[in-house]
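J.: Attaching a predicted model along with its sequence, questions to come.
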Amino acid sequence: MDLKKLNVRDHLITIVRRIVQIIAFVLVNYIILELIFSINLIGLESILKILPILNSPRNPLSNGAGILEFIFFSITEGIIPVFLIGILIIIIIFTARFFCGWICPIGTIQDVCAAIPTKKRIIKPSRHKSLLKIKYVIVIFIVILIIPLGTTAIANPAFYLDYRNNLGDLGNKPLSYFSLSEYIFVFFPDMVREIFQTNTLDPIFSNLLVFFISIFYLILIIASVWYPRIYCRYICPFAAVSSAISEYSFLKLSRSPVRCVGRTDCGICEKECPKQIRILDEPYEFFTGKGECNFCLKCKEKCPYDAINIKIG
Ligand code: SF4
Ligand code: SF4
């Protein structure tokens, strides 16, 4: 084995991904650049809004929630956004979950936490399998909640307005309550600011639900130090939709049956995978971890036998 070559390759993939993640983080939160350089980057807003990631629609930094939020919002208005759905499917078919692994700022934050050198924990496979379903339940819950809006927007405006009113923010930004970004960068900082302004804990007691959900997401962020990408794995609604599509993506990984020495003699790829994918139980020809793979390429870079390859088609 050529150790020198292995080192260069290991570092190269990591370095390129980190650079892409930093650039994407700054561009998505483009107000950072506007503040530093006194420039106007408002033109980026329309691109951000259709990026296949889950951001926070109310985040003053980003101003864009991502394409799925737009699709869901259109449905609440009684419109089936065929064009947007088509764009989303095409992007994922061609790029798999590359945007999750390389572009999404919430993913980047979890990767920063996971970069803290600690022994990574594995969740019991049967429990992991059950937990993976949470994000699908969340999407189904949102769809059930917004379908009455979509079907009555034109047919029954009185019911529509009443129901929309009852849903509150959930009707206007259906994904935001499940967006970690929304809580960590909008609701929670707002609450802390109000606490300081009023010098009381009233802001917490007047919105206990927001407080507890914010704490839950903060715990998830901390947990991602030991359980990489824990929010992406189990909660992110965009992950649910993109997993279902990316199973059929042209972009995949394959494992060489000739080079791979298997779990007993190696198994490094599985230990390194931030999504806890049982790579060695997947077919050799191609694998996506049932759509869970975010194409971070960590398995490829760490494999000492160069057994994992990118497969197109
Ligand atoms: S790291 Fe490479 S050689 Fe080792 S088990 Fe995984 S694919 Fe096989
Ligand atoms: S299977 Fe490989 S590329 Fe996919 S998430 Fe796991 S480590 Fe990353």
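T.: Here it is on my side, so go on. Ligands and ions are numbered 1, 2, ... in the order given.
J.: can you pull the contacts of residue 263?
T.: Contact analysis of residue 263 by CB atoms under 8 Å, 6 or more residues apart in numbering lists 270, 280. Any C-beta I mention is one placed from the backbone N, CA and C, and that applies to glycine too.
J.: begin at 42 from here
T.: Done: numbering now begins at 42, and the last item shifts to residue 304.
J.: any idea how far it is from residue 100?
T.: In this structure, residue 304 lies at 42 Å from residue 100, with CB to CB, to the nearest Å as the measure.
J.: now residue 265
T.: Residue 265 sits 19 Å away from residue 100 when distances are taken as CB to CB.
J.: out of the two, which sits in the busier spot?
T.: Set side by side, residue 265 and residue 100 show unequal neighbour counts under other CB atoms under 10 Å, the larger going to residue 265 at 25 against 22.
J.: pLDDT score for the more buried one?
T.: Among the per-residue scores, residue 265 holds a pLDDT of 97.
J.: Could I get the full set of strands for this protein?
T.: Listed in chain order, the strands of the chain (DSSP state E) span residues 292-296, 349-353.
J.: check contacts around the closest residue to residue 72 other than its chain neighbours.
T.: Closest residue to residue 72 in three dimensions, ignoring its sequence neighbours and counting by CB to CB, 6 or more residues apart in numbering: residue 102, at 4.9 Å. Applying CB under 8 Å, 6+ apart, we find residue 102 in contact with 70-73, 226.
J.: Mind checking which of those residues are buried?
T.: By the neighbour-count criterion of 16 or more other CB atoms under 10 Å, those include these buried positions: 70-72, 226.
J.: give me the number of residues near residue 211?
T.: Neighbouring residues of residue 211 were enumerated by other CB under 10 Å; the total is 18.
J.: make that residue 154, sorry
T.: Look at residue 154: counted by other CB under 10 Å, it has 20 neighbours.
J.: Quick one: list the elements packing against the helix ranked longest in the chain.
T.: In terms of residue count, the longest helix belonging to the chain (DSSP state H) is helix 44-69. Here helix 44-69 touches helix 72-78, helix 139-143, helix 146-155, helix 339-343, going by 3 or more CB pairs under 8 Å, 6 or more residues apart in numbering; DSSP states H and E.
J.: out of those helices, which comes closest to ligand 2?
T.: Relative to ligand 2, the nearest member of the helices and strands packed on helix 44-69 by CB to the nearest ligand atom is helix 339-343, separated by 3.3 Å.
J.: Touching the closest one from outside, list them.
T.: By CB under 8 Å, 6+ apart, the residues outside helix 339-343 that reach it are 50-51, 53-55, 294, 309-311, 313-315, 320, 349-351.
J.: Repeat the analysis, applying 10 Å as the threshold.
T.: 47, 50-55, 58, 142, 269, 294, 296, 309-316, 318, 320, 328, 330, 334, 347-351 (CB atoms under 10 Å, 6 or more residues apart in numbering).
J.: Now residue 122: phi and psi?
T.: Backbone dihedrals for residue 122, given as degrees, to the nearest 10, come out at phi -80, psi 70.
J.: Test my guess that it contacts residue 115.
T.: Yes: under the criterion of CB atoms under 10 Å, residue 122 is in contact with residue 115, at a separation of 4.0 Å.
J.: And residue 112, how close does it get to ligand 1?
T.: In this view, residue 112 and ligand 1 are 36 Å apart by CB to the nearest ligand atom, to the nearest Å.
J.: for the stretch 92-241 of the chain, what spans make up the helices?
T.: Here the stretch 92-241 of the chain has its helices, by DSSP state H, counting those that start in this stretch, at 108-117, 123-136, 139-143, 146-155, 166-173, 175-193, 198-208, 210-213, 221-223, 229-239.
J.: what's the straight distance from one end of stretch 322-339 to the other?
T.: Stretch 322-339 has its terminal residues 17 Å apart, counting by CA to CA, to the nearest Å.
J.: And for stretch 293-309?
T.: Stretch 293-309 has its terminal residues 19 Å apart, counting by CA to CA.
J.: do stretch 324-343 as well
T.: Comparing the first residue of stretch 324-343 with its last one, the separation is 19 Å (CA to CA).
J.: Same question for stretch 169-181.
T.: One end of stretch 169-181 to the other measures 20 Å (CA to CA).
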